[in-house]
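Trainee: Show me how the following folds:
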Amino acid sequence: MRVIMPRFSHRLALKIVLPFAALTLAIGAVGTLTATGELSSRSQGAFDAQLVHDGFVTQSMVKTGDTDRRAILRLLTGGPGLSQNWDKTPALQAWLERALTIHPNVIVEVVDTSGREIVGVVGHGAMADTVTQSHDLSGWPGLSYMLSGGVTTIDLVASAPQPAIFAGQPVRDAAGGLIGAVLVGDYLDDRAGGIKASLPHDDITFYDVNGQVLATSLNISPSQWSTLALDGSTRGRVSPTSVVELSRTAGGPGTEIVSPWVVRTANLGYVGTVGSTAGLLADTNQLRIILVTLFLAGVLFTLAIGIWLARRITRPVHRLVEATRLVSAGDLDHQAPVTTHDEIGELTDSFNQMTRSMKEKSASLRTTMTQLQDTYLMTIEALAAAVEARDPYTHGHTRRVEEYAVIMAQALGCTEPEISALRRACVLHDIGKIGIEDAILRKQARLEPDEAMRMQKHPVIGVDMLKGIDFLDPVLPLIRHHHERWDGNGYPDELRADEIPLGARILAVADAVDAMTSDRPYRAARTFEYAKTEILKGSATHFDPEVVTAFIKSQRAIEDLLRASAGEEMHHHPDSDDLGGWRMHVVGR
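Mentor: Numbering: from 1, shown residues only. Here you go, the predicted model:
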């Protein structure tokens, strides 16, 4: 019987790889998040430090601008040239244009004691080579106060015609009388652009004391400036010793550091240095993509190595499992290949040793079983011979029936196992007669009906005697049914047609042929031609038509055997003084 070995419900390779794959994924994911977080934090820290540095640079450049304005102011007011040309507008204009040689973008304004513009000169900035006169500048913050003698210097932010920062001081004549004031300044747009030129990655925004935008280098329209305004809370946190950091979205994502805008003692407002975080975010995202790519590549490489190693481990196991299936199916010659020298290799070698031992023991067991079967068969055949010995007229009957049956079975194309079972059935088919009384078995006349019924039980008796002997299981149906008829009128089970085993149908014809061509106490042996005629008459009633056809095809070989047997049996007829009686061979007719 073939043994079906259970297959793995889960692949061993997956059991080896998956835990390490999950662990690799977990460690890689945590490592990637930690690394990107740390790098992002460091990048943010470096960005913040750079922004603070740029804020100091901005403050330094603002102060440098203030210093430049005062230096120009001192140049213009030093000496008597300014006061001497005060009433001479062309000469005064020429005097003022001296400042333009030092600072091309400078703005110079000269006003009288009422704050009205005498002449104004704008350098080569956004309003290059512009000369203005007679504008009322008295509304500029602190200008009237300085002209009234309140202060000797002033720093102010003028919002018209466009925001600009000025430094100014009074002008006196040779007698010391106040004749007006001179102011030197530059536009905040130009100043923001100049600082941005030195800090190309940053933008500069100037706010007034109320937090409103005066000028900015950000690439946004003036209508959006209101989004940059500083609220009171933010302005309150800005001091000379502290700055405020703000997140900005106008003009792109960025961070702004707001610091105070103080010139000497005057608080002019606030200066904001905006650093764009777009590059930082892009670098961080790119870094994350690189890390994730490296991580995934590492995971795939780890999985590939893991699968390769797992297959190297499991391949011998699969070979061993396959060898187990083959051995369990009966192939004891199969040896599993030993491909490793580890524990699996030792297991495979132990399995091969076990298989060799099983093969040796199996061979010994087969020999013992064969001997035991032979012993059984010899004992049973001895019983069958004893049955024949009780009836001298049946001497050699089983041998002849076997020869005839084998010839017909070969003509029908039966297999070797079928022919082997048929041979044994021929030898043992009448062994049940051992249970029939001698008075019936050796009766010299025809049997009475009750005696015939008793005789018909010999197939069942024979099967009961042989039942339980495993190797004779294929033979038992042939013994039980060799007296069944094709038309269903046979015994013991009244089977019909193909319900009757083929071997039993062959045995019925062979048994009938030998019965008719052998001597009986109530008649002499019939000729082969007579037996052939009777067999043909019984086709499709007593016998299987196909078996009858095989008999006709094999008649020459059977007739040769019959002639050979006739010579051998001449010396085995019963003695004339044998009073034991004779029986009739029952063929169902």
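Trainee: Surely K196 touches D203?
Mentor: Yes - the pair K196 / D203 is scored as a contact, 6.1 Å apart, by Cβ atoms under 8 Å. Where you see a C-beta, it was placed from the backbone N, CA and C, and this is true even at glycine.
Trainee: Pick out whichever of those two has more residues nearby.
Mentor: Between K196 and D203, counted using other Cβ atoms under 10 Å, D203 has the larger neighbour count: 24 against 19.
Trainee: Just confirm that one is within a strand.
Mentor: Yes - when DSSP: H, G, I helix; E, B strand; the rest coil is applied, D203 is found to be in a strand.
Trainee: Going by residue numbers, what spans are strands in this structure?
Mentor: For the chain, the strands defined by DSSP state E occupy 107-111, 117-122, 130-132, 154-158, 164-172, 178-187, 202-207, 213-216, 244-248, 254-263, 266-276.
Trainee: Include distance to I535 and mean pLDDT when you put the ones you listed into a markdown table, please.
Mentor: Listed next are the strands of the chain as a markdown table, based on distance: least, Cβ to Cβ, whole Å; pLDDT from 0 to 100:
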| stretch | distance to I535 | mean pLDDT |
| --- | --- | --- |
| strand 107-111 | 144 | 90 |
| strand 117-122 | 144 | 88 |
| strand 130-132 | 144 | 78 |
| strand 154-158 | 140 | 91 |
| strand 164-172 | 140 | 92 |
| strand 178-187 | 137 | 91 |
| strand 202-207 | 122 | 93 |
| strand 213-216 | 126 | 93 |
| strand 244-248 | 115 | 90 |
| strand 254-263 | 116 | 91 |
| strand 266-276 | 115 | 90 |
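Trainee: For L287, find the nearest of those.
Mentor: With Cβ to Cβ as the measure, strand 266-276 is the member of the strands of the chain nearest L287 (17.4 Å).
Trainee: okay, the angle between the closest one and strand 202-207?
Mentor: 150 degrees (axes from the mean of the first three to the mean of the last three Cα atoms, to 10 degrees).
Trainee: neighbouring strands for strand 266-276, and are they parallel or not?
Mentor: Strand 266-276 pairs in its sheet with strand 202-207 (antiparallel), strand 254-263 (antiparallel), by DSSP bridges.
Trainee: one step back: can you add distance to D487 and give the strands of the chain back as JSON lines?
Mentor: Formatted as JSON lines, the strands of the chain follow (distance: least, Cβ to Cβ, whole Å):
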{"stretch": "strand 107-111", "distance to D487": "139"}
{"stretch": "strand 117-122", "distance to D487": "139"}
{"stretch": "strand 130-132", "distance to D487": "139"}
{"stretch": "strand 154-158", "distance to D487": "134"}
{"stretch": "strand 164-172", "distance to D487": "135"}
{"stretch": "strand 178-187", "distance to D487": "132"}
{"stretch": "strand 202-207", "distance to D487": "117"}
{"stretch": "strand 213-216", "distance to D487": "120"}
{"stretch": "strand 244-248", "distance to D487": "109"}
{"stretch": "strand 254-263", "distance to D487": "111"}
{"stretch": "strand 266-276", "distance to D487": "110"}
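Trainee: Relative to E484, which of the ones you listed is closest?
Mentor: Of all the strands of the chain, strand 244-248 comes closest under Cβ to Cβ, at 105.2 Å.
Trainee: So A167 is in contact with A158, correct?
Mentor: No - counting by Cβ under 8 Å, A158 is not a contact partner of A167; they are 11.7 Å apart.
Trainee: between those two, who's got more neighbours?
Mentor: A167 (25 against 21).
Trainee: Quick check: V213 vs P200, distance?
Mentor: Using Cβ to Cβ, to the nearest Å, V213 is found at 21 Å from P200.
Trainee: out of the two, which sits in the busier spot?
Mentor: V213 (24 against 7).
Trainee: Might you report the residue contacts of that one?
Mentor: The contact partners of V213, taken as Cβ atoms under 8 Å, 6 or more residues apart in numbering, are 205-207, 225-226, 228-229.
Trainee: of the residues you listed, buried ones?
Mentor: Buried positions within these, assessed by neighbour count (16 or more other Cβ atoms under 10 Å), are 205-207, 225, 228.
Trainee: ok, so of those, who is nearest G468?
Mentor: Nearest to G468 among these: L228, at 108.0 Å, using Cβ to Cβ.
Trainee: my guess is the closest one contacts D203, does it?
Mentor: No - here L228 lies out of contact with D203, judged by Cβ under 8 Å, at a distance of 10.5 Å.
Trainee: So T398 sits against D430, correct?
Mentor: Yes - the pair T398 / D430 is scored as a contact, 7.0 Å apart, by Cβ under 8 Å.
Trainee: and V184, how far is that from L326?
Mentor: Separation of V184 from L326 (Cβ to Cβ) stands at 106 Å.
Trainee: the more surrounded of the two?
Mentor: Per other Cβ under 10 Å, whichever of V184 and L326 has more neighbours is V184, with 26 against 17.
Trainee: Which strand residues bridge that one?
Mentor: Residues in beta-bridge contact with V184 (DSSP bridges): V108, A167.
Trainee: measure it to L143 for me?
Mentor: For V184, the distance to L143 (Cβ to Cβ) stands at 13 Å.
Trainee: Find residues that contact each of those two.
Mentor: By Cβ under 8 Å, 6+ apart, V184 and L143 have these common neighbours: G168.
Trainee: quick one, the longest helix along the chain and strand 178-187 angle?
Mentor: Secondary structure of the chain per DSSP state H: the longest helix is helix 12-77. On the basis of the same axes, to 10 degrees, helix 12-77 is oriented at 160 degrees to strand 178-187.
Trainee: tell me the angle of helix 12-77 relative to strand 244-248?
Mentor: 120 degrees.
Trainee: Tell me which other helices or strands helix 12-77 touches.
Mentor: Secondary-structure packing of helix 12-77 (3 or more Cβ pairs under 8 Å, 6 or more residues apart in numbering; DSSP states H and E): strand 164-172, strand 178-187, helix 188-198, strand 202-207, strand 254-263, strand 266-276, helix 278-328.
Trainee: swap the cut-off to 6 Å and go again
Mentor: The contact analysis (3 or more Cβ pairs under 6 Å, 6 or more residues apart in numbering; DSSP states H and E) places helix 12-77 against strand 164-172, strand 178-187, helix 188-198, strand 254-263, strand 266-276, helix 278-328.
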